[in-house]
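Trainee: Model the following, please.
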Amino acid sequence: MNDRLSNNWFMKWMEESLMPVLARIAQNVYLQSIRDAFSSFALPVILTGALFLIIANPPEGINWAPIHAWAKAVKPIAAQIMIPFQLTFGIMAMMVAFGTAYSLATRWDLDETMTGIISMLAFFITSFPATDVTKATFGDVLNYLGGQGLFVAIIIGIITAIVVRLFNKSGLVIKMPEGVPPYVVRSFLALVPMFVMIVSAWIVEWIVWANFHITLPQLVLDLFKPLVAASNSYPAALAEIILMMLLWSLGIHGMNVVSSIAYPFWMAQLAANAEAAAKGLPLPGIVTEPFFHVFTHLGGSGTTWPLTIMFLLSASAQLRTIGRAELIPAIFNINEPLIFGAPIVLNPILIIPFILAPAAVVTINYFAFAVNLVPRPLIQLPFTVPVFISGFLSSGGHWQGALLQLVNLIVTAIIYYPFFKMYEAQLLKNEKEVKDQE
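Mentor: This next block holds a predicted model:
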């Protein structure tokens, strides 16, 4: 089977030309650090804040007495309930500034905590108007510490780690004599790079404010607006899912590669949704992180939940064994046993629905969200949250989110089935030949 595949010019091109390039992208330390900053540092903050957003904004579209009672009870204290949301979700960019610098410093064997702190402080300075700080309201600054400041947070995180590394390598740091306690040594080692970063951030912010009367995060956000808008389109979503699946078909973790580049754009859309929901406005973002992890990768990358059930009920002993091994992981949207056990990787029969099914799901999702058949994604959850629960929660507590997942599962089952039967017949024939030889 693999010999036939290796003779296919397209697969040969993918394997020999495209894979090495994408593998290098996947191993890029800057992209890995950005991804780690979101998943390790921003995600807990986002999750905690999102809970308060849901509490303050019950799904009043559900005509159920307890929901109406809940809405009535929280209405007078909605502003107070939103405080944890605004000071967690609302400072997501500060966590990203810290996390990006921290992750890079870890990879470069620097003092990761001090590097993260320098980055966070530098980012904080750029978020303030270069005027009398005592006259600036914290509410105005808060806008830039969340989703609107993500791009500057990433840039400052990277620059900070580079500066700290440069100063450490060149010896332009204050070194204390032996016998000085380690915590004092760390403080003095960080002193020069911290001074340089803080002063640089202050000067840049002052120049931007003096010329444009906006903060640096707002200026960068304005520059990135066309890209953010393009990332929220159907062609962008379709291209991303096809690339993910092509990479998985070759054994590369497609979600990791694509998300390392697309994550800031997805999170910018999700933050815009959260801010809009907090103000009672329509949600603008469609192509967000939950768009893929919650509504597309049902049972794991490739939307393989239906395939797991088919394997479980298969006449082939090999597929039944894989189905049993995959059943529990599939509940938590993990499908490596299926991808590498079936295998789907480099399997010319199963690769076809493995790409087609998620592409169809992305199309359905985009249409459903675009015409507001389903409330747009509002909450980012860990990808291991089981199907239906994740759809309900991620859409802000609306049953339509779970229904959309059900529709997607039915559609993908229809797409997978004929290819599954084709592959099953091939395996049954092999199993019969082995049995006859025995």
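
Trainee: and the helix or strand harbouring Lys169, what other elements does it pack with?
Mentor: If you go by DSSP states H and E, Lys169 is part of helix 150-170. In terms of contacts (3 or more C-beta pairs under 8 Å, 6 or more residues apart in numbering; DSSP states H and E), helix 150-170 is packed against helix 29-36, helix 92-107, helix 112-126, helix 182-212, helix 216-231, helix 254-278. Any C-beta I mention is one placed from the backbone N, CA and C, and that applies to glycine too.

Trainee: Give me the buried positions along the fourth one.
Mentor: Judged by neighbour count using 16 or more other C-beta atoms under 10 Å, the buried positions of helix 182-212 are 185, 189-190, 192-194, 196-197, 200-201, 204-206, 208-209.

Trainee: Next one: Ala56 from Gln437, what distance?
Mentor: 68 Å (C-beta to C-beta, to the nearest Å).

Trainee: When those two are compared, which one has more neighbours?
Mentor: Ala56 (21 against 6; other C-beta atoms under 10 Å).

Trainee: show me the contacts for that one.
Mentor: Going by C-beta atoms under 8 Å, 6 or more residues apart in numbering, Ala56 touches Val74, Ala78, Ile81, Met82, Phe85, Ala278.

Trainee: So which elements touch the longest helix seen in the chain?
Mentor: In the chain, taking DSSP state H as the definition, the longest helix is helix 399-437. With contacts taken as 3+ C-beta pairs under 8 Å, 6+ apart, helix 399-437 sits against helix 305-312, helix 317-331, helix 351-370, helix 389-394.

Trainee: Tell me which of those approaches Phe98 most closely.
Mentor: Closest approach to Phe98 among the helices and strands packed on helix 399-437 is made by helix 389-394 (25.7 Å; C-beta to C-beta).

Trainee: residues of the closest one that come out buried?
Mentor: Ser390, Gly391, Phe392, Leu393, Ser394.

Trainee: Check which helices and strands it sits against.
Mentor: The contact analysis (3+ C-beta pairs under 8 Å, 6+ apart) places helix 389-394 against helix 399-437.

Trainee: thinking again about what came up before, which of the contacts of Ala56 has the largest number of neighbours?
Mentor: When neighbours are taken as other C-beta under 10 Å, the top entry among these is Phe85 (22 neighbours).

Trainee: between the helix or strand harbouring that residue and helix 254-278, how big is the angle?
Mentor: Assigned by DSSP H and E, Phe85 belongs to helix 78-86. Between helix 78-86 and helix 254-278, the angle comes out at 160 degrees (axes from the mean of the first three to the mean of the last three C-alpha atoms, to 10 degrees).

Trainee: Please put the alpha-carbon coordinates of helix 78-86 into PDB.
Mentor: Taking C-alpha atoms only, helix 78-86 is exported to PDB below (Å, rounded to 0.1, in the frame of the first residue of the first chain):
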ATOM      1  CA  ALA A  78     -23.600  42.100  36.900                       C
ATOM      2  CA  ALA A  79     -20.800  44.800  37.100                       C
ATOM      3  CA  GLN A  80     -19.400  43.300  40.300                       C
ATOM      4  CA  ILE A  81     -19.500  39.700  38.900                       C
ATOM      5  CA  MET A  82     -17.600  41.000  35.800                       C
ATOM      6  CA  ILE A  83     -14.700  42.200  37.900                       C
ATOM      7  CA  PRO A  84     -12.900  38.800  38.000                       C
ATOM      8  CA  PHE A  85     -13.500  38.500  34.200                       C
ATOM      9  CA  GLN A  86     -12.100  41.900  33.400                       C
END
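
Trainee: now stretch 173-191: how far from the chain's centre is it?
Mentor: Distance of stretch 173-191 from its chain centroid, counting by C-alpha atoms, centre = their mean, to the nearest Å, is 38 Å.

Trainee: what mean pLDDT does that stretch have?
Mentor: For stretch 173-191, mean pLDDT is 85.

Trainee: quick one on the thing from earlier: just name the most buried of the helices and strands packed on helix 150-170.
Mentor: helix 92-107 (a mean of 27; mean count of other C-beta atoms under 10 Å).

Trainee: Quick one: low-confidence residue ranges for the stretch 1-150 of the chain.
Mentor: 1-11, 14-15, 18-19, 22-23, 26, 59-62 (pLDDT under 70).

Trainee: Could you name the helices and strands sitting against the helix or strand containing Val74?
Mentor: Using DSSP H and E, Val74 sits within helix 65-74. Using 3+ C-beta pairs under 8 Å, 6+ apart as the contact definition, helix 65-74 packs against no other helix or strand.

Trainee: Report the angle between that helix and helix 78-86.
Mentor: Using the same axes, to 10 degrees: helix 65-74 against helix 78-86 is 90 degrees.

Trainee: hey, C-alpha coordinates of helix 65-74 in PDB?
Mentor: Extracted in PDB, the C-alpha atoms of helix 65-74 (Å, rounded to 0.1, in the frame of the first residue of the first chain):
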ATOM      1  CA  ALA A  65     -37.700  29.200  34.500                       C
ATOM      2  CA  PRO A  66     -34.400  28.600  36.300                       C
ATOM      3  CA  ILE A  67     -32.500  30.500  33.600                       C
ATOM      4  CA  HIS A  68     -34.800  33.400  33.900                       C
ATOM      5  CA  ALA A  69     -34.500  33.400  37.700                       C
ATOM      6  CA  TRP A  70     -30.700  33.300  37.300                       C
ATOM      7  CA  ALA A  71     -30.700  36.300  34.900                       C
ATOM      8  CA  LYS A  72     -33.000  38.200  37.200                       C
ATOM      9  CA  ALA A  73     -30.700  37.500  40.300                       C
ATOM     10  CA  VAL A  74     -27.400  38.500  38.600                       C
END
